[in-house]
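Q: Just the structure for this:
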Amino acid sequence: MKKYIILTFFGLFIFSTALFSQPFEWYTQGDFEPQYRVEFVIENSLDIDRENTPVTIKRENFPLPDVHEMWVTVVDPLLTPRPAPTSDTLAIQGGHHIREETHGRMIHHQMDDLNKDGVWDELFFQMDLKAKEKRTIHIYIGYNGRGWNPHRTHANIGSYCRHVVPFWESEDIGWKLWFANTVDVFGKRKPLLMSQRLYMDNLDGYGVAFIDEDFGTDIMSVSTSFGGGGIGLFEFEDQPGKVSRPRFTPAQEALAMNASFNAGQISDTRYAYDVVVNGPVRSMIRIKAMNWDTGNGNYEYEQYYTAYTGQSYSTSKVVFTQFLPKQKGVLMGAGVRQKPGEDDFVQEGGMLITSGPEVIRDPTFEGDEEDREEVIVPFVGQGLVVKDKYEPEYQFVSEHLGNHTYRITPDSNNSYEFMILAGWAEGAVYNTIESFNEYVRKSALEFNHPVIPHFIKKEEKP
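A: Numbers count the residues shown, from 1 in each chain. This is a model prediction of the structure:
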């Protein structure tokens, strides 16, 4: 009866029966003894080791697209199985805690519905790979109700100091959009998630250290700059250093608005935000920018920012859904603020790094805000990587406090991708110029050469 129910559930999905000896034993977890599995090989094409590297298997490349997430268990057969939990652990965690494993280890993963149509689009997880390694993973099919997944990333939208602000973070670096579409950066002193405290308690990004010094502090002064990451348009071929940005428009200038924010939501650029994914392994927010009139064209776009477990970077994908320039030759762009005290600048192809001491408001000061003193953090680093396939062309933009940017040629869908990275002297990782630069270079290489998942076969347990 059990086998009949399973086969009926899978419908026309026919598994190949394994009539030969298997190179990998079949995984079990407590009384979970699955009868079906799908084998993929994850290929690292680079001659470097990769840690916490993202792996994405799209639904159209998965042999069983119609499957509930509780029927999917991702297992690395080469990892050490978990031992049986103690009775004390089970008393706290209850029946859904992972039981004793054999023949591999379950990998925390997520099945993400990116377009919100109720059907998963991507199976996502992260893993370590040696240089040039081709590593087998198994995806077991069968109901498995166990597996608390501790979140190591977070994303949400808060009402933060009276306006809507998206937050997304990994355990070492966090990002938020105080300025609508220009990224603020905060660094943690120890690996943890804390943005929920910022927006739920409405805590000052500098004063949050009073709650817990491990929370860290804001490490980016944005003002009118590109901050920790922002986009724009290069509309004037005869003025290569002039860039149009969504929150600096003729409508704003006509009303003499504060340069930090847009004018009215009807007369000027407006924004809407969504949480697309909130952990446990990656977290993603979406920006929709509408009614952007530069005076030389009308534009709308969607932008996705994603944080990843164990990484100090966030990737971004931009898709222009309306692109109506009034002249030819308009190029898209992305940039970051030049560090005010920049003493190290690296630019190699589509990768750049700006680092130096950063003046921040003293997070340990007690007293009135207007009397808060400033302190100098000896090293704060910011990186930007645009994928090579978008033919990035470096461009310094002197206006708006000085910015390192790239002119970008998008793909046929008016889309492009870039990565922002950050590190600071008081962080747990990448806290020196040397270690941060090495991390940015390595991440740029991996960003341009994502791992390749190869479907191998489907199996039924013999």
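
Q: quick one: low-confidence parts of the stretch 251-400 of the chain?
A: Counting by pLDDT under 70, the stretch 251-400 of the chain has low-confidence residues at 255-259, 361-372.

Q: All the strands of it, in order from the start?
A: Secondary structure of the stretch 251-400 of the chain (DSSP state E, counting those that start in this stretch): strands at 270-278, 282-293, 297-308, 313-325, 331-337, 344-348, 351-361, 374-386, 393-397.

Q: what would the ones you listed look like in a markdown table with distance to residue 455?
A: Quick note: C-beta positions are derived from backbone N, CA and C, even for glycine. As requested, the strands of the stretch 251-400 of the chain are exported to a markdown table (distance: least, Cβ to Cβ, whole Å):
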| stretch | distance to residue 455 |
| --- | --- |
| strand 270-278 | 23 |
| strand 282-293 | 22 |
| strand 297-308 | 23 |
| strand 313-325 | 24 |
| strand 331-337 | 34 |
| strand 344-348 | 35 |
| strand 351-361 | 32 |
| strand 374-386 | 29 |
| strand 393-397 | 37 |
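
Q: what's the closest of those strands to residue 116?
A: Shortest distance between residue 116 and these, using Cβ to Cβ, is found for strand 270-278: 7.8 Å.

Q: Which residue, other than its chain neighbours, is closest to residue 125?
A: residue 109 (3.8 Å; Cβ to Cβ, 6 or more residues apart in numbering).

Q: ok, that neighbour touching residue 120?
A: No: with contact defined as Cβ atoms under 8 Å, residue 109 does not count as touching residue 120 (11.2 Å).

Q: Next one: the residue nearest to residue 125 from residue 45, what distance?
A: 22 Å (Cβ to Cβ, to the nearest Å).

Q: The two - which one has more neighbours?
A: Set residue 109 next to residue 45 and count neighbours by other Cβ atoms under 10 Å: residue 109 wins out with 23 against 12.

Q: OK, contacts around that one?
A: Going by Cβ atoms under 8 Å, 6 or more residues apart in numbering, residue 109 touches 72, 74, 123, 124, 125, 281.

Q: let's see 7 Å
A: Contacts for residue 109 (Cβ atoms under 7 Å, 6 or more residues apart in numbering) come out as 74, 123, 124, 125, 281.

Q: which of these count as buried?
A: 74, 123, 124, 125, 281 (16 or more other Cβ atoms under 10 Å).

Q: In strands only, show me the residues you listed.
A: Counting by DSSP state E, those place 74, 123, 124, 125 in strands.

Q: which pair in those spans the largest distance?
A: Greatest spatial distance among these (Cβ to Cβ): 74 and 124, at 9.7 Å.

Q: one step back: quick check: of the contacts of residue 109, which lies closest to residue 245?
A: Comparing the contacts of residue 109 against residue 245 with Cβ to Cβ places residue 124 closest, at 31.3 Å.

Q: who's the closest one bridged to?
A: Following DSSP bridges, residue 124 is listed with bridge partners residue 56, residue 110.

Q: what domains does the record give for this protein?
A: According to automatic domain parsing, the chain comprises the domains 2-149+456-460, 226-431.

Q: Dump the ones you listed into a markdown table; add distance to residue 159 as well.
A: Output for the domains of the chain, formatted as a markdown table (distance: least, Cβ to Cβ, whole Å):
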| stretch | distance to residue 159 |
| --- | --- |
| domain 2-149+456-460 | 22 |
| domain 226-431 | 12 |
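
Q: Most tightly packed of these?
A: Per residue and on average, the most neighbours among the domains of the chain fall to domain 226-431, with a mean of 19 (mean count of other Cβ atoms under 10 Å).

Q: That one: end-to-end distance?
A: With Cα to Cα, to the nearest Å as the measure, domain 226-431 spans 23 Å from end to end.

Q: in this structure, which helix has the most residues?
A: Taking DSSP state H as the assignment, the helix of the chain that covers the most residues is helix 433-448.

Q: Contacts for that helix, please.
A: Contacting residues not belonging to helix 433-448 are listed as 46, 48, 50, 53, 312-313, 344, 346, 351, 353, 355, 379, 381, 383, 385, 387-388, 419, 421, 423, 430 [Cβ under 7 Å, 6+ apart].

Q: change it to 8 Å
A: Helix 433-448 is contacted from outside by 46, 48, 50, 53, 311-313, 315, 344, 346, 348, 350-351, 353, 355, 379, 381, 383, 385, 387-389, 419, 421, 423, 429-430, using Cβ under 8 Å, 6+ apart.

Q: for stretch 320-329, same thing?
A: By Cβ under 8 Å, 6+ apart, the list of residues contacting stretch 320-329 from outside reads 233, 235, 237, 296-302, 332, 410, 414-415.

Q: And the furthest pair within these?
A: 237 and 302 (26.6 Å).

Q: quick one on the thing from earlier: mind checking which of the strands of the stretch 251-400 of the chain is nearest residue 64?
A: Of those, nearest to residue 64 by Cβ to Cβ is strand 270-278, at 21.3 Å.

Q: circling back: next one: the longest helix of the chain to chain centre, how far?
A: 16 Å (Cα atoms, centre = their mean, to the nearest Å).

Q: can you tell me the average pLDDT over the following helix or strand past that helix?
A: Once the chain leaves helix 433-448, the next helix or strand it forms, by DSSP states H and E, is strand 452-460. Within the predicted structure, the mean pLDDT of strand 452-460 is 97.

Q: cool, and stretch 139-155?
A: Average pLDDT, stretch 139-155: 95.

Q: gap between the two ends of that stretch?
A: Length of stretch 139-155, first residue to last, Cα to Cα: 27 Å.

Q: could you dump the helix or strand containing residue 39 to CSV, C-alpha only?
A: Using DSSP H and E, the secondary-structure element containing residue 39 is strand 36-43. What follows is strand 36-43, C-alpha atoms only, in CSV (Å, rounded to 0.1, in the frame of the first residue of the first chain):
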residue,chain,number,x,y,z
TYR,A,36,13.9,7.2,-4.4
ARG,A,37,16.6,9.6,-5.1
VAL,A,38,17.9,11.9,-7.8
GLU,A,39,21.6,12.3,-8.4
PHE,A,40,23.4,15.5,-9.4
VAL,A,41,27.1,16.2,-9.8
ILE,A,42,28.1,19.7,-8.7
GLU,A,43,31.1,20.9,-10.8
